[in-house]
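1. Take this sequence and fold it.
(chains A and B)
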Amino acid sequence: MPEHEEHLSGLPEVLRNSNRPIIIYQGAPPGALDAPTSNALGLISWLALLTLCLGTILFCVWQVWNPGYDTRQFSPIYAEGRPVGLANQIEERKQINARGEGLVDFLDRLRAARYNSARSRVTHSLISDPDGIDAVRAQWDEMCGNIRERIYDRRLGQIDSRAAELRRRGARVADPAERAQLDSDLLRLQAQRADQLQRRRTDTDPALQCVRASEAPVCSESDANVWCNPELNRPRDFVDGVS
Amino acid sequence: MAKDEDAARNDGQENLEPAALSPSLLSVVVRLVARIWVTGLLLLAAAFGGIAVYQLFQTRAELTELRKAPGPEAYAVVAYRRELERQVRAYEQAWRGDAVPPPPPRPRLLEEIDLARPRDPERVRGSSELAPISAPQ
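-> Residues are numbered from 1 along each chain as shown, chains lettered A, B, ... in the order given. From the prediction side, this is the model:
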């Protein structure tokens, strides 16, 4: 009986004092939770299906329209790198195809015109347009010449600054032996300067001889640069034309 | 005692049954609307999901189709032009070496074009003015 009283201690006073039987279920009466459980499972199923559909939609939209760029990948069109989204890749490919269209035919026409000694001028927009390869090559050659000039200027500037330092020290030195040594160094620097000027005039320094872009070596078969053998670098970008 | 328990059970069922058996009209309508709404939402999501998947595969097919042309050789020439332009921009500002940069190697198709192109007087004159690039100053 005390145990029974202990079990009833948590119940409200009204219930404990009533004469009616107290039935305590664990969970719910048999069958009472069937409908709520079924409803809950149904709702979870609907939500799972809805989530799946929405996830699919988001994934597809991301694949097509993602504007991000993969900066590690070379893109002939986008300076930022190769686009990740399919829509931008299509745009990139359309531009590449438009620029490169008819290049092989252009080569054939060039050979034919040369063979026939035709006077008509055969051109291709990728080669001879104002922003074509010819123009960019001219820019590259000019850039190389500018770099060469800057390097010579830098070398001469270093020699001149060392010579100026020697002259300053020479003005302060009273010892004849030390002054003679400084004069000797100064003469050596002047000889170096004359040598640099001579090299600049005659272009005899091999490290500072610009090679024209149009006379650059030809790509080797194994060169993995994308502008040499793109199929080596990005094999999936070139599908077989025969379907 | 057993009689009391049975009576209590019967009372409980009597209290529950009327509410379960006679749902109000409002609750029926609300349930119906909710079910239609959820079903419609799901059908719409499924339809848009199908469209999205279809569009994705269509886009991939279009890209595959575009990749059939112009082929790696012409692609290499387009990429060469881009690389040349990139080097002009990059080296003009940031070349710190003690030697001049080498030009990028030419694609084979471009070399053939260079060989086949006529050396017209204007071009020859232009190149002789420039050559050598590092002409005596």
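2. For residue A:188, give me its contacts.
-> For residue A:188, the contact set (CB atoms under 8 Å, 6 or more residues apart in numbering or on different chains) is empty. In short, each C-beta sits where N, CA and C put it, glycine included.
3. do you know how far it is from residue A:161?
-> 15 Å (CB to CB, to the nearest Å).
4. With residue A:84 instead?
-> Counting by CB to CB - residue A:84 and residue A:161 are separated by 50 Å.
5. Can you list the low-confidence ranges for chain A?
-> A:1-8, A:117-120, A:240-243 (pLDDT under 70).
6. longest helix in it, by residue count?
-> Assignment by DSSP state H gives helix A:133-172 as the longest helix of chain A.
7. Show me what it packs onto, helices and strands only.
-> Helices and strands touching helix A:133-172, by 3 or more CB pairs under 8 Å, 6 or more residues apart in numbering or on different chains; DSSP states H and E, are helix A:125-128, helix A:176-202, helix B:72-94.
8. May I see those helices arranged in a markdown table, with distance to residue A:157 as well?
-> Output for those, formatted as a markdown table (distance: least, CB to CB, whole Å):
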| stretch | distance to residue A:157 |
| --- | --- |
| helix A:125-128 | 40 |
| helix A:176-202 | 10 |
| helix B:72-94 | 19 |
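9. Quick one, which of these gets closest to residue A:44.
-> Residue A:44 sits nearest to helix B:72-94 of all the helices and strands packed on helix A:133-172, at 51.4 Å, using CB to CB.
10. host element of residue A:49?
-> helix A:34-65 (DSSP states H and E).
11. Tell me, how many residues neighbour residue B:104?
-> 20 (other CB atoms under 10 Å in any protein chain shown).
12. so what's it up against?
-> A:213, A:216, A:225, A:227, B:80, B:83, B:84, B:87.
13. And the furthest pair within the residues you listed?
-> Longest span within those, CB to CB: A:213 and A:225, 14.8 Å.
14. more neighbours, those two?
-> Neighbours per residue (other CB under 10 Å) separate residue A:213 from residue A:225, with residue A:213 holding more: 25 against 19.
15. which one is the spatially most central residue of chain A nearest to, not counting chain neighbours?
-> Nearest to the mean C-alpha position of chain A, counting by CA atoms, centre = their mean, stands residue A:71 at 1.8 Å. Nearest residue to residue A:71 in three dimensions, chain neighbours excluded: residue A:81, at 3.9 Å (CB to CB, 6 or more residues apart in numbering or on different chains).
16. I figured the one you found hits residue A:89, correct?
-> No - the pair residue A:81 / residue A:89 is not scored as a contact, 11.8 Å apart, by CB atoms under 8 Å.
17. the more surrounded of those two?
-> Under the criterion of other CB under 10 Å, the comparison of residue A:81 against residue A:89 puts residue A:89 first, with 23 against 14.
18. picking that back up, and residue A:84 and residue A:161? which has more neighbours close in?
-> residue A:84 (15 against 10).
19. low-confidence ranges in chain B?
-> Those would be B:1-22, B:118-137, if you go by pLDDT under 70 across chain B.
20. Swap in 80 and give it another go.
-> B:1-23, B:118-137 (pLDDT under 80).
21. what's the single longest helix in chain B?
-> Every helix in chain B considered (DSSP H), the longest is helix B:25-66.
22. which helices and strands sit right next to it?
-> So helix B:25-66, by 3+ CB pairs under 8 Å, 6+ apart, packs with helix A:34-65, helix A:86-100.
23. if we compare the ones you listed, which one ends up closest to residue B:26?
-> helix A:34-65 (18.2 Å).
24. Between helix B:25-66 and the closest one, find me the angle.
-> 30 degrees (axes from the mean of the first three to the mean of the last three CA atoms, to 10 degrees).
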